[in-house]
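1. Pasted the sequence and its predicted model underneath.
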Amino acid sequence: MAKVRPNPSAYIEEVIEKVKKRNPYEPEFIQAVEEVLKSLAPVFEKHPEYIDENLLERFVEPERQIMFKVPWVDDNGNVQVNRGFRVQFNGAIGPYKGGLRFHPSVYIGIIKFLGFEQILKNALTGLPIGGGKGGSDFDPRGKSDGEVMRFCQSFMIELYRHIGPDIDVPAGDIGVGQREIGYLYGQYRRIKGAFENGVLTGKGLSYGGSLVRLEATGFGIAYFCNEILKHEGTSFEGKTIALSGFGNVTWSTAKKITQLGGKVVTVSGPDGYVYDPDGISGEKIDYLRVMRSSGRDRVQDYADKYGVEFFPGQKPWGVKVDVVIPCATQNEIHLEDAKKIVANGVKFVCEGSNMPCTNEAIEYLQSNGVIVGPSKAANAGGVAVSALEMAQNSMRLSWSEEEVDRRLHEIVVNIYRNAIKAAEEYGFGHNLVAGANIAGFLKVADAMHSQGNY
Ligand SMILES: NC(=O)C1=CN([C@@H]2O[C@H](COP(=O)(O)OP(=O)(O)OC[C@H]3O[C@@H](n4cnc5c(N)ncnc54)[C@H](O)[C@@H]3O)[C@@H](O)[C@H]2O)C=CC1
Ligand SMILES: O=C(O)CCC(=O)C(=O)O
């Protein structure tokens, strides 16, 4: 007897329950899935065929997840062992694409939440890239260049067999920048005996990197936030902004916001935050890069150098500003932080890091009139320029800085417009969080539907 089709909300609930049951020790993954799925009921109203083919249960299950041993020798001659991961989540619209994260907090649940978000983010860019993510619980803090190199070489000895320019294309994320990508690519090239530089993005310019990739994520965040401000009849001009973190996403966001007339007054690290009332711009932004590459992971160094106030053990969300942009890591804005943000009269929160707000925090912010720019849309500029790097590698040529930046800007503005359009079309008004989920999902769902049940 044919199964009776459940209504969309019941179907979504059923899938969420299965995800919880199958992945009980992965709270970040469950959180990401719940946040996305609760926007999708109107999509299933319009596409009951997706329910019939159980598309959603297939969508929340990674196509492949790989876990491997990474042994390496430290500077004292001790043999260390870390764990490596690559989750190839969904390849319906293109080769798996997404960064590698090296951080002691990494486990399969973190990589799965990031890979899941990446599917929708990559779809939003309009470029042909599927969703994947990887990394390791390796802690780069305090490691020498030689240790990082030996670790990367060992990581690639296993990873190489799972990736390729048309298969899966990793890049950077927390703890992985141009230095690590260089070591990883060097090892890949040695193993393969071929110059397949489309296998990784975020490369140095001398061996196939793209101009503007280093800045792309932050520039994209600033462009996206600028669209939100424009829609509300305002701009960055004269506004104060609280950022968190001090890594690649933070400095590049600060750089573009400063160019657009805003004043960034906070950055943070695992040790606390600093408040710089004169604004973090120019040479101070260069110093953030020096701090990041020092491997110390300490923001207090900024306060010591520039003589500004340092707040140990605190996050910057209690500072009175006009715009809040978290740029460090997941779940950095909890409900209590959201309450402080609302109490300070902040009207705009644009997510720079992946899933920086808990689901309760997003709900609280939105129900108190704050416009939330979701990370999968706001920070998609990074992966978009990665896809442009792949395109340049395939063509064996390089575009100018102006060309890449122009394309990046166009892609980000389109993401904003498509998210708004989807939100309006599916009854979510101006809710960018729902709009981004729906616009990304529609593209992947259509590709999965067309390719049959698998
Ligand atoms: N690099 C890229 O192209 C993209 C990065 N992202 C996201 O942006 C965020 C930042 O990434 P990057 O700037 O590339 O990394 P990064 O390694 O350059 O900087 C990470 C920053 O976050 C802080 N941080 C990391 N884990 C923390 C923790 N558990 N508690 C407190 N602070 C912590 C570090 O102190 C550092 O300031 C991450 O959520 C990443 O997934 C999103 C899109 C693209
Ligand atoms: O550039 C890429 O491939 C991935 C960037 C990334 O990890 C992300 O968008 O979160």
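-> Received the coordinates, thanks. Ligands and ions are numbered 1, 2, ... in the order given.

2. which residues does the nearest residue to Glu237 once chain neighbours are set aside contact?
-> Spatial nearest neighbour of Glu237, chain neighbours left out: Gly261 (3.8 Å); criterion: C-beta to C-beta, 6 or more residues apart in numbering. C-beta here means a position set from N, CA and C on the backbone, and glycine is covered the same way. Taking C-beta atoms under 8 Å, 6 or more residues apart in numbering as the criterion, Gly261 is in contact with 235-239.

3. Of these, which are in range of ligand 1?
-> Counting by C-beta under 6 Å from any ligand atom, nothing from the contacts of Gly261 sits close to ligand 1.

4. What's the mean pLDDT across stretch 39-48?
-> The pLDDT scores in stretch 39-48 average 98.

5. which one of the contacts of Gly261 has the most neighbours?
-> When neighbours are taken as other C-beta atoms under 10 Å, the top entry among the contacts of Gly261 is Phe236 (23 neighbours).

6. Excluding residues flanking it in the chain, which one is nearest that one?
-> Gly262 (3.5 Å).

7. Over to Gly245?
-> That would be Ala328: by C-beta to C-beta, 6+ apart, it lies 3.2 Å from Gly245.

8. wait, isn't that neighbour in contact with Ser244?
-> Yes - using C-beta atoms under 8 Å, Ala328 and Ser244 qualify as a contacting pair, with a distance of 4.5 Å.

9. Mutual contacts of those two, please.
-> 250, 268, 353, 356.

10. is the second one in a bridge, and if so with what?
-> Spelled out, that is Ser268. Tyr273 (DSSP bridges).

11. picking that back up, doesn't the residue nearest to Glu237 lie inside a strand?
-> No - counting by DSSP: H, G, I helix; E, B strand; the rest coil, Gly261 falls outside a strand, being coil.

12. i'd like the first residue to be 332 from this point on
-> Okay, residue one is now 332; in that scheme the one you just asked about reads as Gly592.

13. Torsion angles phi and psi at it?
-> phi 100, psi 0 (degrees, to the nearest 10).

14. how much space between it and ligand 1?
-> For Gly592, the distance to ligand 1 equals 23 Å [C-beta to the nearest ligand atom, to the nearest Å].

15. OK, contacts around Lys534?
-> 509, 512-513, 516, 528, 540, 720 are the contacts of Lys534 under C-beta under 8 Å, 6+ apart.

16. if we can go back for a sec, compare Ala659 and Ser575 and say which one has the larger neighbour count.
-> Ser575 (27 against 22).

17. picking that back up, quick one: the contacts of Lys534 as a markdown table, columns for pLDDT, secondary structure and neighbour count too.
-> Listed next are the contacts of Lys534 as a markdown table, based on pLDDT from 0 to 100; DSSP: H, G, I helix; E, B strand; the rest coil; neighbours: other C-beta atoms under 10 Å:
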| residue | pLDDT | secondary structure | neighbour count |
| --- | --- | --- | --- |
| Gln509 | 97 | helix | 16 |
| Ile512 | 98 | helix | 24 |
| Gly513 | 98 | helix | 19 |
| Tyr516 | 98 | helix | 24 |
| Asn528 | 97 | helix | 21 |
| Gly540 | 98 | coil | 23 |
| Glu720 | 98 | helix | 28 |
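
18. Which residue would be the closest one in the chain to ligand 2?
-> Closest residue of the chain to ligand 2, C-beta to the nearest ligand atom: Gly430 (2.6 Å).

19. which SS class is that residue?
-> Classified using three-state DSSP, Gly430 is strand.

20. From Tyr604, how far out is it?
-> Note on Gly430: its distance to Tyr604, by C-beta to C-beta, to the nearest Å, is 25 Å.

21. so how far is the host helix or strand of Gly415 off the chain centroid?
-> Element membership of Gly415, judged by DSSP states H and E, is strand 410-421. Centre-to-centre, strand 410-421 and its host chain are 18 Å apart (C-alpha atoms, centre = their mean, to the nearest Å).

22. do stretch 438-445 as well
-> The answer for stretch 438-445 is 12 Å, by C-alpha atoms, centre = their mean.

23. Does the residue of the chain closest to ligand 2 touch Gly508 like I think?
-> No - with contact defined as C-beta under 8 Å, Gly430 does not count as touching Gly508 (10.4 Å).

24. Which pLDDT does the model give the most centrally placed residue in the chain?
-> Taking C-alpha atoms, centre = their mean, the centroid of the chain lies closest to Asn685, which sits 4.2 Å from it. Among the per-residue scores, Asn685 shows a pLDDT of 98.
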